[in-house]
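Peer 1: Compute the structure for the input listed below.
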Amino acid sequence: MQYIDPRNTSRTCCACGHIAKANRKTQSSFLCVSCGHTANADDNAAMNIATKAAVKQPIVACDDRNGCREHSYKLRPSGRGR
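Peer 2: All right, here's what the predicted structure looks like:
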């Protein structure tokens, strides 16, 4: 699990990144005073959080018989590396 700092996620425009208290006219609506982007306030904040979260890359098994020498570890029987 990754911690994302929630500060200003509801005041930040997910389209242009402008941060302002004035972007939140009401509890439920978001209107960026810089670029004019409109959205549901919760949807806008969720997009900001999702953008900050790191994407986990899938674990891919490969072996040298296929010419794959990128991965320097072997998979355990559990399917996890090292």
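Peer 1: mind listing the strands in this structure by residue range?
Peer 2: 29-31, 38-40 (DSSP state E).
Peer 1: and those strands, which is most packed in?
Peer 2: Highest mean neighbour count among these (mean count of other CB atoms under 10 Å): strand 29-31, with a mean of 17. Quick note: C-beta positions are derived from backbone N, CA and C, even for glycine.
Peer 1: strand partners of it, parallel vs antiparallel please.
Peer 2: strand 38-40 (antiparallel) (DSSP bridges).
Peer 1: related to what we said a few turns ago, just tell me which of the strands of the chain ends up closest to Asn8.
Peer 2: Nearest to Asn8, of all those, is strand 29-31, at 12.5 Å by CB to CB.
Peer 1: Give the rounded mean pLDDT of that closest one.
Peer 2: Mean pLDDT, strand 29-31: 97.
Peer 1: Please list all residues in contact with Met47.
Peer 2: Met47 is in contact with 14, 39, counting by CB atoms under 8 Å, 6 or more residues apart in numbering.
Peer 1: let me redo that: Ala15
Peer 2: Counted by CB under 8 Å, 6+ apart, Ala15 has contacts 32, 35, 37.
Peer 1: Try it again at 6 Å.
Peer 2: 35, 37 (CB atoms under 6 Å, 6 or more residues apart in numbering).
Peer 1: Would you mind measuring from it to Met1?
Peer 2: 27 Å (CB to CB, to the nearest Å).
Peer 1: Ok, Gly17 next?
Peer 2: Taking CB to CB, one finds Gly17 at 25 Å from Met1.
Peer 1: Give me the pLDDT value at Asp63.
Peer 2: 57.
Peer 1: give me the number of residues near the closest residue to Ser34 other than its chain neighbours?
Peer 2: Distances taken as CB to CB, 6 or more residues apart in numbering place His18 nearest to Ser34, at 3.7 Å, with adjacent residues excluded. A total of 15 residues lie near His18 under the criterion other CB atoms under 10 Å.
Peer 1: What ranges in the chain fall below the confidence cut-off?
Peer 2: Applying pLDDT under 70 to the chain flags the ranges 55-82.
Peer 1: how about a cut-off of 80?
Peer 2: 1-2, 54-82 (pLDDT under 80).
Peer 1: At which residues are the helices of it located?
Peer 2: 41-52 (DSSP state H).
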